[in-house]
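Chemist: Please work out how this folds:
(4 chains)
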Protein chains: 2
Amino acid sequence: MAHRSALVPVAPKLSSRQEQLLEALRRAGRELSGQDLHARLRASATPMGLATVYRHLRQLQQWGRVRCRHLPSGEALFAPTECDEHHLTCVDCGQTHRLEHCPVHALELSGEELRGYLPLFHTLEFYGLCPDCQRRQRRTASEAVEAAGQSASLPSA
Amino acid sequence: MAHRSALVPVAPKLSSRQEQLLEALRRAGRELSGQDLHARLRASATPMGLATVYRHLRQLQQWGRVRCRHLPSGEALFAPTECDEHHLTCVDCGQTHRLEHCPVHALELSGEELRGYLPLFHTLEFYGLCPDCQRRQRRTASEAVEAAGQSASLPSA
DNA sequence: GCTCAATCTGGGAATCATTCTCATTTATGG
DNA sequence: CCATAAATGAGAATGATTCCCAGATTGAGC
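Modeler: Take a look at the predicted model:
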């Protein structure tokens, strides 16, 4: 991934609260929601209000230091941009798995496609049905078919 | 893209309301939010309540007929899965552009990585700052620097 | 055509993450 | 120590989505 220092127009020194927030994200070792972060910092020596957490998250995102993705539930998850990972998520139960091997290596947009944007980060997310939810849905479907009262099939799963 | 017919466990005939919803999405020619769809259908001969819109959208998503992505604002946008496109979105103002050329062609997960999931769809989204927001931020930053009444420099990183 | 049960539907309340408001606190410079 | 600006957080406001439930619709069986 290209280093941001050369590109970002505002490459600001972070305030101590911003450092604190980013550090908490790094320590977590996994993506956290705004609420998660608030809860974690609440326990620390210098708690941070929810409004402040969200304010800084947005700022850090615009500075390219933090990226954000959304679960199917709508919950927003944040992580440091240097932690560039992708996921496989069940659209039913919401369970998500980190992908070990990034399926795309050099992921970049051409200059033309950039339209003058300053690139900050990207998300690549896969969605599907996890084995449990597949089973549950198959079961429900069978019941529906039975209820529909038919003859022939039930292609033996 | 692999056709779903062979894969999806429940490849159900859609109810007429579900067809109506999917058709509205197709006609729109762009991604729509649940609220958008509700508003559009409200005008039709057979309006659909908000609860029903969301119910069917979820169901269609689990059947692999509809995919969903989230704007930075958290708003969820839906589109038919056959319409497989990606975007470049400004993390500040939220403006989004459709990418004309998909930057990745064959995007697939290995069997091992699938963990038994039934793949339904994926999203690949790029985020950055649009030219306007870059300018605005540069301006703000300069003011800040002036206000800070500098001297030497930003201790680089 | 009629009856009954199961399903579908939509209005409105409930939820919940996020944002906004604004009074207070903190930092900075003089 | 004073004055001004920036940062902060408590709590209200917002807004999308989901939940609840009573009424409407459907389809099977008669």
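Chemist: Is the residue most central in space within chain A part of a helix or strand, or is it coil?
Modeler: Among the residues of chain A, the one closest to the centroid is A:Arg69, at 3.3 Å (C-alpha atoms, centre = their mean). Under DSSP: H, G, I helix; E, B strand; the rest coil, A:Arg69 falls in the strand class.
Chemist: From B:Arg55, how far off is it?
Modeler: According to C-beta to C-beta, to the nearest Å, A:Arg69 stands 25 Å off from B:Arg55. In this view, the C-beta of every residue, glycine as well, is placed from N, C-alpha and C.
Chemist: is it true that A:Leu50 touches A:Asp36?
Modeler: No: with contact defined as C-beta atoms under 8 Å, A:Leu50 does not count as touching A:Asp36 (11.3 Å).
Chemist: out of those two, which sits in the busier spot?
Modeler: Comparing A:Leu50 with A:Asp36 by other C-beta atoms under 10 Å in any protein chain shown, the one with more neighbours is A:Asp36, at 18 against 14.
Chemist: How confident was the prediction at the more buried one?
Modeler: Note on A:Asp36: pLDDT of 96.
Chemist: What average pLDDT does stretch A:64-81 get?
Modeler: Mean predicted lDDT for stretch A:64-81 stands at 90.
Chemist: So what touches it?
Modeler: With contact meaning C-beta atoms under 8 Å, 6 or more residues apart in numbering or on different chains, stretch A:64-81 is reached by A:4, A:8, A:14, A:22, A:25-26, A:30-34, A:37, A:57, A:60-61, A:85, A:87, A:89, A:91, A:94, A:96, A:118, A:120-121, A:123, A:125, A:127, B:61, B:68-70, B:72, B:74, B:76, B:127.
Chemist: Check the burial of A:Phe126 by counting its neighbours.
Modeler: Neighbour count for A:Phe126, taken as other C-beta under 10 Å: 24.
Chemist: what about it, which SS state?
Modeler: At A:Phe126 the chain is in strand, as set by three-state DSSP.
Chemist: Quickly list what it is bridged to.
Modeler: Legend: beta-bridge partners of A:Phe126 under DSSP bridges are A:Leu88, B:His122.
Chemist: Once you drop chain neighbours, what's closest to A:Gln61?
Modeler: Once flanking residues are discounted, A:Gln61 sits nearest to B:Val91: 5.3 Å by C-beta to C-beta, 6 or more residues apart in numbering or on different chains.
Chemist: So that neighbour sits against A:Leu120, correct?
Modeler: Yes: B:Val91 sits in contact with A:Leu120 when judged by C-beta under 8 Å, with a separation of 6.2 Å.
Chemist: shared neighbours of the two, which are they?
Modeler: A:Gln61, A:Gln62, B:Tyr127, B:Gly128, B:Leu129.
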